[in-house]
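> What would the 3D arrangement of this be:
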Amino acid sequence: MTTTLQQLNRDLAQVAEAASRSLVQVRSGRRSAGAGTVWHSDGLIVTNAHVVNSRELSVEMPNGTRFPARVLAHDRDRDLAALSVAATGLSTIPLGDSLGLRPGQWVVAIGHPWGVRGAVSAGIVIGTGTQWAELPHSGRELIAAGLPLRPGNSGGPLLDVQGRLVGINALIAGPHVAFAVPVHVAKAFLRETLLAREPVPVG
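Numbering: from 1, shown residues only. Below you'll find the predicted structure:
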């Protein structure tokens, strides 16, 4: 058992370290608004729609470099937004299988809770689907996980134990229950909204 836990410990640490290179901070003016996940190396970033609450957005990379950000797409119902920055060669996270997630599997969330850069939390999948009666917009497809999220985690990546992106962290429903938008929902959002590559007004 000890060997198994030690291996899990090493695996989760490696997952978090690799994914942190694709974690950005989304800023509204000078204030931190939340996190974002690099989706494409040429400056495409996915975050939550509720993070994008200003026209003066910027994105800060892990190395501290900051870029003005342009909103490409914004969907309040799915709580997703796509941003573009004038950067290339960014690190990305391999996409995982959110449809294959099962209760009891380990997942890792990364973000900036209360402004703490690159903080990591881990827990297990509670369930997936649309039946979340206690949540607003309960018909949304979400991943529920037993791990803590705080303000500043929104828009950051949810990862499986192989380090693949399975969700975009979105909201909490208690001290240790978090919800993420599944990566297959994010894929559909990008396919549907970025065909025209037109900026979407916010607010």
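> Near the closest residue to I93 other than its chain neighbours, how many other residues are there?
When the adjacent residues along the chain are set aside, I93 lies closest to L165, with 4.3 Å between them (Cβ to Cβ, 6 or more residues apart in numbering). The C-beta positions use only the backbone N, C-alpha and C, and glycine is treated the same way. Close neighbours of L165, defined as other Cβ atoms under 10 Å, add up to 23.
> Same question for Q14.
Neighbour count of Q14, defined by other Cβ under 10 Å: 12.
> distance of it from A122?
13 Å (Cβ to Cβ, to the nearest Å).
> helices and strands around the host helix or strand of V15, which ones?
Using DSSP states H and E, V15 falls within helix 2-19. With contacts taken as 3 or more Cβ pairs under 8 Å, 6 or more residues apart in numbering; DSSP states H and E, helix 2-19 sits against strand 106-111, strand 157-160.
> What residue spans form the domains of this structure?
Domain assignment for the chain by automatic domain parsing gives 19-92+188-193, 98-183.
> avg pLDDT for the helix holding V15?
Mean pLDDT, helix 2-19: 83.
> And that helix, what's buried?
Of the residues in helix 2-19, 12, 15-16, 19 count as buried by neighbour count, 16 or more other Cβ atoms under 10 Å.
> Of those residues, which is the nearest to P62?
Nearest to P62 among the buried residues of helix 2-19, counting by Cβ to Cβ, is A19 at 10.5 Å.
> does that closest one really touch G111, like I thought?
No. The criterion here is Cβ atoms under 8 Å, and A19 misses it with G111 at 10.7 Å.
> before we move on, the earlier item: out of the buried residues of helix 2-19, the closest to L101 would be?
Nearest to L101 among the buried residues of helix 2-19, with distances taken as Cβ to Cβ, is V15, at 15.2 Å.
> Could you pull up the residues touching that closest one?
Contact partners of V15, counting by Cβ atoms under 8 Å, 6 or more residues apart in numbering, are 108, 159, 161-163.
> Could you do T92 as well?
22, 38-41.
> Any stretches of the chain with poor pLDDT?
1-2, 32, 133-138, 195-203 (pLDDT under 70).
> quick one, strands of it?
23-28, 31-40, 44-47, 57-60, 66-68, 70-75, 80-84, 106-111, 119-129, 142-146, 157-160, 165-172, 178-182 (DSSP state E).
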